[in-house]
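Asks: make a model of this:
(one chain, ligands or ions: 1)
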Amino acid sequence: MPAQNPTDKIVKKNLETFNRWAPHYDFSLFQWWMKKFHRKVFVEVDKNVEAKQKAKFLDLSCGTGELLYELAKTKPRLQLFGVDIAENMLALAKHKVPSAKFFQMDVHHLKLKDNTFDYVVSTEAFHHYPNQHQALSEMVRVCKPGGKVMIADINFFSSLLHHLFVKVEPGCVYINSRKEMIRLFEEAGLKNIRQERTFLFAVTTIGMKRKEKKK
Ligand SMILES: C[S@@+](CC[C@H](N)C(=O)[O-])C[C@H]1O[C@@H](n2cnc3c(N)ncnc32)[C@H](O)[C@@H]1O
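Replies: Numbers count the residues shown, from 1 in each chain. Sure, this is the predicted structure:
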């Protein structure tokens with residue numbers, strides 16, 4: 001994996017790209033693609049949410065809010081929160097999911113309190129983050145001990161295809177192999193790490209934040 005420097009330039013490029021893209025983002029064929037990244041998240045929330053009243057769900061890089069919209073319909077007990085860098089994407093998300101709270105923030109610098117959310121999720125966005133270690137460490141920081149961190153991202157089986165995709169997709173920084181993603185989760189201190197391919201081009205990695213040891 002190449003050395004990664006957090007660069008404001010890449011974050012700015014993503015902001016501009018997704019602001020331009022926002023009016024066309026909910027085009028149905030494209031959403032068919034995006035839904036493949038949401039699939040596993042529903043299963044993981046399904047397993048636990050009935051037991052947890054008022055569980056807090058944070059969708060980082062929520063885009064136009066499709067995932068939150070589906071959760072609002074099917075899991076009314078969840079408290080929903082969305083973060084994105086691009087204000088035009090957020091404007092559509094706010095309109096679509098009025099019950100959720102939204103913040104315009106860079107995932108590398110979340111202005112959110114430690115240990116707050118039961119679920120911290122990023123779908124089809126991790127390959128846009130210029131400093132993936134820092135982004136994941138922020139995800140872990142805001143997750144409650146015992147809570148779940150989930151990343152669903154692109155994976156095309158081959159590093160050559162990953163390399164080509166980085167060249168053609170604006171704002172794309174680096175696509176991890178399955179092993180690299182597991183390593184990132186281990187380095188972030190997560191436990192019970194699991195991974196599943198949910199479609200030809202989508203892999204979801206899940207880990208649990210450790211509970212603090214009693215002194
Ligand atoms: C391909 S879209 C995925 C949107 C959504 N998660 C979904 O599944 O439909 C990637 C999103 O990541 C956001 N993004 C990119 N870099 C970001 C950053 N540094 N901080 C927060 N959001 C970012 C973009 O604005 C965009 O909305």
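
Asks: for the ligand, what are the nearby residues on the protein?
Replies: Counting by Cβ under 6 Å from any ligand atom, the chain comes close to the ligand at 11, 14, 18, 34, 37, 61-63, 66-67, 84-86, 89, 106-108, 123-125, 128-129. Heads up, the C-betas are built off the backbone N, CA and C, glycines and all.

Asks: from the residues you listed, which land in helices?
Replies: Counting by DSSP state H, the residues of the chain next to the ligand place 11, 14, 18, 34, 37, 66, 67, 89 in helices.

Asks: nearest to residue 197 among these?
Replies: residue 37 (11.6 Å; Cβ to Cβ).

Asks: quick one: pLDDT of the closest one?
Replies: Here, the pLDDT recorded for residue 37 equals 89.

Asks: isn't it right next to residue 122, touching?
Replies: No. Between residue 37 and residue 122 there is no contact under Cβ atoms under 8 Å: 9.6 Å.

Asks: follow-up on the earlier one: now restrict the residues of the chain next to the ligand to buried residues only.
Replies: Listed as buried from these are 11, 14, 18, 34, 37, 61-63, 66-67, 84-86, 89, 106-108, 123-125, 128-129; burial here means 16 or more other Cβ atoms under 10 Å.

Asks: rewinding a little: just the ones in helices among the residues of the chain next to the ligand: which has the poorest pLDDT?
Replies: Here the lowest pLDDT out of these sits on residue 34, with 83.

Asks: thought that residue was touching residue 154?
Replies: No. The pair residue 34 / residue 154 is not scored as a contact, 11.2 Å apart, by Cβ under 8 Å.

Asks: which residues are common contacts for those two?
Replies: residue 124 (Cβ atoms under 8 Å, 6 or more residues apart in numbering).

Asks: so, low pLDDT: which residues of this protein?
Replies: 1-6, 47-53, 214-215 (pLDDT under 70).

Asks: quick one, longest strand in it?
Replies: Longest strand in the chain, counting residues (DSSP state E): strand 143-154.

Asks: which neighbours does that one have in its sheet, and in what orientation?
Replies: Its sheet considered, strand 143-154 pairs with strand 117-123 (parallel), strand 202-208 (antiparallel) by DSSP bridges.

Asks: so which bits of that strand are buried?
Replies: Neighbour count says strand 143-154 has 143, 144, 147, 148, 149, 150, 151, 152, 153, 154 buried, by 16+ other Cβ under 10 Å.

Asks: ok, now stretch 78-97?
Replies: Neighbour-count burial for stretch 78-97, with 16+ other Cβ under 10 Å as criterion, is recorded at 78, 80-86, 88-93, 96-97.

Asks: which residues touch the closest residue to the ligand within the chain?
Replies: Here the residue of the chain nearest the ligand is residue 63; by Cβ to the nearest ligand atom that distance is 2.7 Å. By Cβ under 8 Å, 6+ apart, the contact set of residue 63 is 18, 25, 34, 84, 89, 93, 125.
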